[in-house]
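**Student:** Return atomic coordinates for the entry below.
(chains A and B)
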Amino acid sequence: MVTTDEKGPLTAKKKSVIIRSCDGDEFLVSESAAVLSTSLKKILEEKEDRLIHLSDIDNKTLAMVIAYLSTHADDGLSDDLKRSFDQEFVSGKEFDVLKYLVLATDTLQVTCLCYTVAKKMADIMKNKLVEWVRREFDIQNDYTPEAEAEIRRLDAWAWDDRQLEDD
Amino acid sequence: MRRCTEGRKKMKSATEGLAEAAGKRVDIEDRISQLADDILISIISRLSLREATTTSILSSRWRYLYAYSSRLDFPPFKPESSPPFRECAEEIQEKRFPNYINTVNYILDSHKGSRVKEFRVHMHCLEGANIERWIEFALARKVEIFDLQMHYLVGARRGHYSLGLSNLIRTNSGQLLPDLKCLRIMSLSAVHVNDAEVELLLSTSPLLESLSIELSDGLTNVLIVGHSLLLKHLGITYAANLQSIEICNMMNLVSLRCYGLPSTYVLRLSNVPKLIEFDTSDQRGNTLEQVLPRIPSCILDQLRLLKLSTQTIFIQYTSPTYMLPELVNLKHLELKVHMWRLTDNNDALFPLVEACPSLEELDIKFLWAYYSIEFEDREIYNFRPMKKLSPNLKKLKLSGYLGSPSELEFALFILKHVDALQELIVQPNSDMSKKIQRRAEVTHGCIFEGEFEN
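**Tutor:** Predicted coordinates:
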């Protein structure tokens, strides 16, 4: 099912593309899989080059994205199978892994996977503290303490359990 | 695996075209915040409304993103009721409910998104909410799921709310707005809807899959017709003035819920080839012989799932000649059995189970009225063996189980006469005194001993 072929023969077959990660490893991908990424499709339309460098996507993340693209390019698989693949694809993955996946799929414009990963990230974020989210997302808090207090005051209902109750 | 730190810090020229195409900058640490708004909003839209709102504190990049959330599932208004009740109702009505409504309105005022896919409010049905505005707000943002449930509060002044759909969709110089084109699920409770509005709703919402209307006094004669409609699930419940429901040529209708309706109402069905689920599980105080004839005979052969509620009164006693209809394809039967007296028997249920030869799953919930009364021990009856009971019955679930002789007998009988049974679930009644609960636990043990002996 997965057609990633690390350090495989570099003689690019017809209808295949070589994608190089920022770690320098190369992956042989069928063109039908590659064009599911809007970004890759644009590049392939613009130039003849069958070798594409991705300087901000690492090996591990790229391998996962390619596995996804190859599965979705496989005409032999039913939509149901693809859906269950998607579910399994994100299940059990750590937040850190998902973070790189969402960035990679955003760069490559694999919209469907990007939203699937975003949803999974949201599921993990549920019931987490603000500090946890800031840390995991590497978000730099650029508010002054006064600005933070003002935001808490404006949306007090969300911070104060007494006005709206939920379970 | 080594992370690509170099790539994160500095752009490489090799992917310049690519990065430009995606509009990316990777020269700062906080790459997540550089994601397109759409993706961050899709993350936010998956959080509860409260959590979504608190993301504004993360950083200035996140300050207003929550206001674009496509999901507005307001936390349900569920004030804890503490005695004395009358004062409590007054406080809820005068203070806490208006606060809740103000907060909902404030959130709607600050919302900036052009799309709201989901809009849910669950609250008490009290005076002072401007639900017309909420409906207009949601429809104007092409809502897909609209769920407004209101519950009556004892001791408080009820609000009276109507859908007012015809006003809403004709506001734009008599033109139908395309607002209902995206609606997939609509669920209303204590919002009065009239017959014409149901037709309007169905004819202007091509994607509508599920429609549930509860506690609407406006419904009298509901007519639902249409070959092309996608509607799969329909529920019309607790409509006090309902006289008839007529459904024809609904090619996609799968499930139908009709209960809490006047005893004189008529249900007419024709050409509903996919209808396999019928739910009349909240029809209080009726015996099987009152409930069963209400199921239109034309769907008896196609039903797979049936939900009923019934009294335990012997069918044979009230009408010895009454013939139960055969439900040849029914796989799953869910029964709510109202138990009034401890000496009630469940014998009446056996003919029903017998009438379902394909039954695989039987789910019975005992609803006890006088559960604080001590049981009188009496001998366990021995039912005479009948013809083979549902040979395919694999799963039996008894909930609300109190351990009365009749419940025990019922369970033992099924165990003894159904060979295919694979799964037995007994959930003791949780809503009762310790002593009674103990009784339930002991006899609950008896069932499993009985099973062991077999």
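**Student:** what's near enough to touch the residue nearest to B:A240 when sequence neighbours are not counted?
**Tutor:** Counting by Cβ to Cβ, 6 or more residues apart in numbering or on different chains, the nearest residue to B:A240 once its immediate chain neighbours are dropped is B:D217, at 5.4 Å. The C-beta positions use only the backbone N, C-alpha and C, and glycine is treated the same way. The neighbourhood of B:D217, defined by Cβ atoms under 8 Å, 6 or more residues apart in numbering or on different chains, consists of B:192, B:239-241.
**Student:** Out of the residues you listed, give me the one that has the most neighbours.
**Tutor:** For the contacts of B:D217, counting by other Cβ atoms under 10 Å in any protein chain shown, the largest number of neighbours falls to B:A239: 25 neighbours.
**Student:** What's the separation between that one and B:D217?
**Tutor:** Using Cβ to Cβ, to the nearest Å, we find B:A239 at a distance of 7 Å from B:D217.
**Student:** Then B:L223?
**Tutor:** B:L223 is 18 Å from B:D217, where distance means Cβ to Cβ.
**Student:** cool, and B:L352?
**Tutor:** Using Cβ to Cβ, which is the criterion applied here, B:L352 is 33 Å from B:D217.
**Student:** before we move on, the earlier item: pipe the contacts of B:D217 into a markdown table and attach distance to A:A67 per row.
**Tutor:** As requested, the contacts of B:D217 are exported to a markdown table (distance: Cβ to Cβ, whole Å):
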| residue | distance to A:A67 |
| --- | --- |
| B:H192 | 53 |
| B:A239 | 53 |
| B:A240 | 57 |
| B:N241 | 59 |
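**Student:** Secondary structure for the residues you listed - can I get that in CSV?
**Tutor:** Below are those laid out as CSV (DSSP: H, G, I helix; E, B strand; the rest coil):
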residue, secondary structure
B:H192, strand
B:A239, coil
B:A240, coil
B:N241, coil
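**Student:** from these, which is closest to A:T107?
**Tutor:** Checking the contacts of B:D217 against A:T107 by Cβ to Cβ gives B:H192 as the nearest, at 51.7 Å.
**Student:** which ones are touching that closest one?
**Tutor:** Taking Cβ under 8 Å, 6+ apart as the definition of contact, the neighbours of B:H192 are B:160-163, B:216-218.
**Student:** separation between the residue nearest to B:Y238 when sequence neighbours are not counted and chain A?
**Tutor:** Using Cβ to Cβ, 6+ apart and skipping residues adjacent in sequence, the residue nearest B:Y238 is B:G260, 3.6 Å away. The gap separating B:G260 from chain A is 26 Å, by Cβ to the nearest Cβ, to the nearest Å.
**Student:** And for B:S187?
**Tutor:** 19 Å.
**Student:** how far out from the middle of the chain is the helix or strand harbouring that residue?
**Tutor:** The secondary structure element spanning B:S187 is strand B:185-189 (assigned by DSSP states H and E). The chain centroid and the centroid of strand B:185-189 are separated by 10 Å under Cα atoms, centre = their mean, to the nearest Å.
**Student:** Kindly check the end-to-end length of stretch B:398-409 for me.
**Tutor:** One end of stretch B:398-409 sits 12 Å from the other (Cα to Cα, to the nearest Å).
**Student:** same deal with stretch B:210-222?
**Tutor:** Chord length of stretch B:210-222, first to last residue, is 16 Å (Cα to Cα).
**Student:** low-confidence ranges in chain A?
**Tutor:** The model of chain A has pLDDT under 70 over residues A:1-14, A:160-167.
**Student:** How is chain B divided into domains?
**Tutor:** The record's domain parsing of chain B by automatic domain parsing lists B:1-26, B:35-69, B:291-454.
**Student:** Out of those, which gets the lowest mean score?
**Tutor:** With a mean of 37, domain B:1-26 has the lowest mean pLDDT of the domains of chain B.
**Student:** Can you name the residues in contact with stretch B:44-52?
**Tutor:** Contacts made with stretch B:44-52 from outside it, assessed by Cβ under 8 Å, 6+ apart, are listed as A:118-119, A:122-123, A:125-127, A:157-158, A:164, A:166, B:55, B:65-66, B:68-75, B:107, B:117.
**Student:** starting at the chain centroid, how far to it?
**Tutor:** Here stretch B:44-52 is found 23 Å from its chain centre; the criterion is Cα atoms, centre = their mean.
**Student:** now stretch B:253-267
**Tutor:** Relative to the chain's own centre, stretch B:253-267 is displaced by 15 Å; criterion: Cα atoms, centre = their mean.
**Student:** That one: which residues count as buried?
**Tutor:** Burial within stretch B:253-267, assessed by neighbour count using 16 or more other Cβ atoms under 10 Å in any protein chain shown, is assigned to B:253-261, B:265, B:267.
**Student:** what does stretch A:116-123 give?
**Tutor:** If you call a residue buried by 16+ other Cβ under 10 Å, then stretch A:116-123 has these buried ones: A:116-118, A:120-122.
**Student:** now do stretch A:74-83
**Tutor:** A:74, A:82.
**Student:** Over to stretch B:56-68?
**Tutor:** Residues of stretch B:56-68 classed as buried by neighbour count (16+ other Cβ under 10 Å): B:56-59, B:61-63, B:65-68.
**Student:** what does stretch B:416-428 give?
**Tutor:** Neighbour count says stretch B:416-428 has B:416-418, B:421, B:426, B:428 buried, by 16+ other Cβ under 10 Å.
**Student:** That stretch: end-to-end distance?
**Tutor:** End-to-end span of stretch B:416-428 (Cα to Cα): 21 Å.
**Student:** which element is the closest residue to A:K82 other than its chain neighbours on?
**Tutor:** Counting by Cβ to Cβ, 6+ apart, the nearest residue to A:K82 once its immediate chain neighbours are dropped is A:H72, at 5.9 Å. A:H72 belongs to helix A:59-73 when assigned by DSSP H and E.
**Student:** Mind giving me the packing neighbours of that helix?
**Tutor:** Taking 3 or more Cβ pairs under 8 Å, 6 or more residues apart in numbering or on different chains; DSSP states H and E as the contact definition, the neighbouring helices and strands of helix A:59-73 are strand A:26-30, helix A:31-34, helix A:79-90, helix A:95-108, helix A:111-125.
**Student:** Run the chain-centre distance for that helix.
**Tutor:** In terms of Cα atoms, centre = their mean, the centre of helix A:59-73 is set 10 Å apart from its chain centre.
**Student:** Identify the residues contacting it?
**Tutor:** Contact with helix A:59-73 is made by A:1-4, A:6, A:19, A:21, A:23, A:25, A:27, A:29-30, A:32-34, A:36-37, A:54, A:57, A:77, A:82, A:85-86, A:89, A:97, A:100-101, A:104-105, A:108, A:110, A:112-113, B:1-2, as judged by Cβ under 8 Å, 6+ apart.
**Student:** Out of the contacts of B:D217, the closest to B:K142 would be?
**Tutor:** So of those, ranked by how close each gets to B:K142 (Cβ to Cβ), first place is B:H192, at 24.4 Å.
**Student:** Tell me the bridge partners for the closest one.
**Tutor:** Here B:H192 shows beta-bridge partners B:S162, assigned using DSSP bridges.
**Student:** and if you look at B:L72?
**Tutor:** Applying DSSP bridges to B:L72 yields these beta-bridge partners: B:F119.
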